[in-house]
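Asker: Here is a sequence with its predicted model. Questions after.
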Amino acid sequence: MKRSLAQLFAVVSLFAFALTLAAHPHFNKTLVVKLPSGVEATVTYNTTPANEAHAASAAIGAFVTPRRPMLKLSGEIKAGAVVVPAGEYVIGVIKNSDTDWTLALYAGQIARGQQPDMSKVIKLESVYSTAAGTAAHMLIDITPGSGKFEGRAALTLHFGTLFLAGALS
């Protein structure tokens with residue numbers, strides 16, 4: 001009897017240990033920022049693992065959105081020559097080539113696995129880089145811009161080695 005209890009305990013302990021190794025937390029994140037224009041911008045997303053193979057296999061011209069992160073704007077913003085009305089947008093990227101991407105917004109929702117009507121996609125003035133290191137999980141932020149976005153707000157998306165900044169003002 002003691003032996004069978006000890007074996008059962010060992011199996012349960014091993015199973016519990018395996019679960020802790022397999023468990024990988026993902027977080028729902030919300031970021032609220034007041035842009036220089038006074039518009040409130042809210043980003044909501046899930047820290048999904050960066051899957052660069054998925055990004056590499058995306059078709060040229062495709063709108064790619066890992067887990068459909070959202071940007072909500074309380075008012076209209078003017079991002080360079082682009083006007084983005086108040087509302088909710090799916091945050092995504094458009095693959096221009098294997099070495100060039102554009103940060104983009106799509107008004108409303110997109111069903112999983114569906115491509116949006118590309119005529120309704122808002123392309124932000126963007127800077128693409130692979131020099132920002134590697135993000136194991138998707139990271140989205142709104143930061144003070146640098147380089148060509150100096151003095152402006154920038155929406156950033158870091159996914160694996162893909163790093164994009166898009167002008168929000």
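Answerer: Looks like it came in fine.

Asker: separation between the residue lying closest to R112 once chain neighbours are set aside and A165?
Answerer: Nearest residue to R112, sequence neighbours excluded (C-beta to C-beta, 6 or more residues apart in numbering): R68, at 7.6 Å. C-betas here are computed from N, CA, C, even on glycine. Between R68 and A165 the distance, using C-beta to C-beta, to the nearest Å, works out to 20 Å.

Asker: Show me which of the two is the more surrounded one.
Answerer: Neighbour count, other C-beta atoms under 10 Å: between R68 and A165, A165 has more, with 26 against 16.

Asker: so where do the helices sit in this protein?
Answerer: 2-22, 52-57 (DSSP state H).

Asker: what's the least confident stretch among the ones you listed?
Answerer: For those, the weakest mean pLDDT is recorded on helix 2-22, namely a mean of 47.

Asker: so where's the protein uncertain?
Answerer: Confidence mapping of the chain against pLDDT under 70 gives the ranges 1-24.

Asker: Kindly recompute the last result at 50.
Answerer: 5, 8-22 (pLDDT under 50).

Asker: isn't G147 right up against S129?
Answerer: No: in this structure G147 lies outside contact range of S129 using C-beta atoms under 8 Å: 9.6 Å.

Asker: who has more neighbours, the two?
Answerer: Legend: neighbour count by other C-beta under 10 Å for G147 and S129, higher for S129 (13 against 9).

Asker: what's the spacing between the closest residue in space to that one that isn't next to it in sequence and L157?
Answerer: Leaving aside its sequence neighbours, S129 sits nearest to F163 (C-beta to C-beta, 6+ apart; 4.7 Å). Counting by C-beta to C-beta, the gap between F163 and L157 amounts to 7 Å.

Asker: Compare neighbour counts for the two and give me the winner.
Answerer: Set F163 next to L157 and count neighbours by other C-beta under 10 Å: L157 wins out with 25 against 20.
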